[in-house]
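**Student:** How does the following fold in three dimensions:
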Amino acid sequence: MDLDANRTLIAVALGRIPGGDRAALQTVYRLTSAKLFGVALRILGERSEAEDVLQEVYVTVWRKAADFDPSRASPMTWLIAIARNRAIDRLRASRQSRAMAPIEAAAEVADSGIGADGALEMSQDNARLHGCLDGLAAHERNALRGAFFDGNTYEELAARMSVPLGTMKSWIRRAMIKLKSCLEQ
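**Tutor:** So this is what the prediction gives:
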């Protein structure tokens, strides 16, 4: 049977389905199931899923055959659109169901972030540290920041601030003692 005869036969059978003609549905199935199964299988990649979609397609054809308008699309175009849409719907649903875990599983997921109380405590400690640093003499504060925050050596700091190495070490040592005392209060 040639393509035009098939198209006509499918269109005529689709026209008889709204009247409850089961033989017409069998004709549509016989002439189109291989192609529609191929469409579903290509989208879903699983034979059992494609078989389920194919069944849904023919249930939809049984219920919606009256919606087929031969002036808008060929019978195969209309049927392929139904199969494609059903397969995509199935694919989306299976992805969502795999991605969704029961809400009870959320209790088992550990939060690696700092809690609100920990963040508040860190913020308060940070503010205290900065307050204590600001209470140091400018040369001590600059020496401490240079050594511990910027990673400079004592020699680099002594050269930058034009003081002997021993003086730089003394400034940093005294600044550390003052900082420790301030933070313990």
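**Student:** how far does the least confident helix or strand in the chain by mean pLDDT sit from the chain's center?
**Tutor:** Counting by mean pLDDT, DSSP states H and E, the weakest-scoring helix or strand in the chain turns out to be helix 116-134, with a mean of 82. From the chain centre to the centre of helix 116-134 is a distance of 35 Å (CA atoms, centre = their mean, to the nearest Å).
**Student:** Flag every buried residue along the following helix or strand past it.
**Tutor:** Toward the C-terminal end, the helix or strand that comes next after helix 116-134 (DSSP states H and E) is helix 138-144. Buried residues in helix 138-144, defined by neighbour count with 16 or more other CB atoms under 10 Å: 140, 141, 142, 143, 144. Quick note: C-beta positions are derived from backbone N, CA and C, even for glycine.
**Student:** what sits up against helix 138-144?
**Tutor:** Where contact means CB atoms under 8 Å, 6 or more residues apart in numbering, the residues beyond helix 138-144 that reach it are 133-134, 136, 157, 161, 168, 171-172, 174-176, 178-179.
**Student:** How about stretch 66-81?
**Tutor:** Outside of stretch 66-81, the residues that reach it under the criterion CB under 8 Å, 6+ apart are 7, 10-11, 14-15, 17-18, 28, 32, 35-36, 39, 57, 61.
**Student:** Mark which of these are buried, thanks.
**Tutor:** The neighbour-count test (16+ other CB under 10 Å) applied to the contacts of stretch 66-81 identifies 10, 11, 14, 15, 17, 28, 32, 36, 39, 57, 61 as buried.
**Student:** Quick check on the residue lying closest to residue 136 once chain neighbours are set aside: phi, psi?
**Tutor:** Leaving out its chain neighbours, the residue that sits closest to residue 136 by CB to CB, 6 or more residues apart in numbering is residue 175, at 5.5 Å. Its backbone dihedrals place residue 175 at phi -60, psi -40, with angles given as degrees, to the nearest 10.
**Student:** average pLDDT for the lengthiest helix in the chain?
**Tutor:** Under DSSP state H, the helix in the chain containing the largest number of residues is helix 75-99. What helix 75-99 shows for mean pLDDT is 85.
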